[in-house]
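Trainee: what follows is a predicted structure for the sequence shown.
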Amino acid sequence: MLYIVSTPIGNLGDITFRAVETLKNVDLIASEDTRHTRILTNHYGIETPLTSYFEHNKIKKADRLVRLLKEGRDIALVTDAGTPGISDPGYRLIRLAKDNDITVTVIPGACALVAALTLSGLASHSFIFEAFLPVKSGARKKKLSGFLKESRVIIFYESPHRICKTLADIVEVLEDPFMVCAREITKKFEEVIEGRASQLLTRFSQGKPKGEMVLLVQPSCIEKKKEARFK
Ligand code: SAM
């Protein structure tokens, strides 16, 4: 059986009892970064062997893991943080296991996009998740322009190295929308910053941006409707 196991996105306490039990009881843990996962397994006294399953070995490794599953082994899939399969190589192994009639189950838990959405206080009944925007500005602006008529909250993952460039493109293409940036969620320096995209840009341009972050955009068409209602 393949167990999809969510692990913490920062605070090591954010893991379920069932996740710890599962990680102790399976034959093998397939992990995105075994050094990273070892911090978690050491913390919880989990002695199960670890094997790497990451972006660049995912094709070969998924085949090998599925062979082991077919032989009757139990394997847990974990990634660096949060829920495997959400913007990481996890989905490939999950699909291959399903295609090979292997039972797949999930031990749910932390997920950065859900944590950020709840922290944001934005209308959360309807949203879209776009993971990472393209690295190149031209492609990024093109992708962003596709959201001009979007009425749902848009959620992106972003790296601290690219945050300023991304915010500058959002100011330009999406008409400086209201935004929330949730940084370092569940960690010591957790912070939720909100304001116009241009205000976030000013803030991040003042120093070297650090930490993991999720960006949430309140689409301008929602704001326009609100403005129209108050006129
Ligand atoms: N599978 C993960 C999940 O369930 O959210 C996401 C994996 S994705 C490769 C990693 C991205 O998630 C980071 O670049 C960052 O945008 C976001 N992220 C992960 N942990 C975070 C945290 N503690 N605070 C804010 N964002 C986080």
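Mentor: Yep, it's here.
Trainee: contacts and neighbour counts: CA atoms only from here.
Mentor: Fine.
Trainee: name all residues that make contact with residue 102.
Mentor: Counting by C-alpha atoms under 8 Å, 6 or more residues apart in numbering, residue 102 touches 1-2, 69-70.
Trainee: now do residue 141
Mentor: Going by C-alpha under 8 Å, 6+ apart, residue 141 touches 169-170, 173.
Trainee: now do residue 227, the pLDDT please.
Mentor: Per-residue confidence at residue 227 stands at 58 (pLDDT).
Trainee: I misspoke; the intended subject was residue 219.
Mentor: As predicted, residue 219 sits at a pLDDT of 81.
Trainee: so what's it up against?
Mentor: Here residue 219 is in contact with 147-154, 174, 177-178 (criterion: C-alpha under 8 Å, 6+ apart).
Trainee: quick check: closest non-adjacent residue to residue 8.
Mentor: Nearest residue to residue 8 in three dimensions, chain neighbours excluded: residue 14, at 5.0 Å (C-alpha to C-alpha, 6 or more residues apart in numbering).
Trainee: residue 54 reaches residue 62, doesn't it?
Mentor: No: taking contact to mean C-alpha atoms under 8 Å, the distance of 9.6 Å between residue 54 and residue 62 leaves them out of contact.
Trainee: what does this protein put close to the ligand?
Mentor: When proximity is defined by C-alpha under 6 Å from any ligand atom, the chain lies next to the ligand at 9-10, 81-84, 86-88, 111-113, 157-159, 182-186, 212-214.
Trainee: keep only those of these that are in strands.
Mentor: Cross-referencing the residues of the chain next to the ligand with the strands (criterion: DSSP state E) gives 157-158, 182-183, 213-214 as the overlap.
Trainee: now those in a markdown table, with neighbour count and pLDDT?
Mentor: As requested, those are exported to a markdown table (neighbours: other C-alpha atoms under 10 Å; pLDDT from 0 to 100):
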| residue | neighbour count | pLDDT |
| --- | --- | --- |
| 157 | 20 | 98 |
| 158 | 18 | 97 |
| 182 | 24 | 98 |
| 183 | 21 | 97 |
| 213 | 24 | 98 |
| 214 | 25 | 98 |
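Trainee: was I right about residue 185 contacting residue 211?
Mentor: No: between residue 185 and residue 211 no contact is recorded; they are 9.4 Å apart, counting by C-alpha under 8 Å.
Trainee: neighbour count for the two, which is higher?
Mentor: Ranked by neighbour count (other C-alpha atoms under 10 Å), residue 185 and residue 211 place residue 185 first, with 21 against 14.
Trainee: for the more buried one, what are its contacts?
Mentor: With contact taken as C-alpha under 8 Å, 6+ apart, residue 185 is in contact with 9-10, 112, 115-116, 191, 212-213.
Trainee: tell me the contacts of the closest residue to residue 36 other than its chain neighbours?
Mentor: Nearest non-adjacent residue to residue 36, counting by C-alpha to C-alpha, 6+ apart: residue 80, 6.5 Å away. With contacts defined as C-alpha under 8 Å, 6+ apart, the neighbours of residue 80 are 7, 31-33, 36-37.
Trainee: could I have the buried ones of those residues as ChimeraX selection syntax?
Mentor: Those of the contacts of residue 80 that meet the burial criterion (16 or more other C-alpha atoms under 10 Å) are gathered into one ChimeraX selection, given here:
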select :7,31,32,33,37
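Trainee: need the pLDDT of the residue nearest the centre of the chain.
Mentor: Averaging the C-alpha coordinates of the chain gives a centre point, and the residue nearest to it by C-alpha atoms, centre = their mean is residue 112 (4.9 Å). pLDDT, the model's per-residue confidence, is 98 for residue 112.
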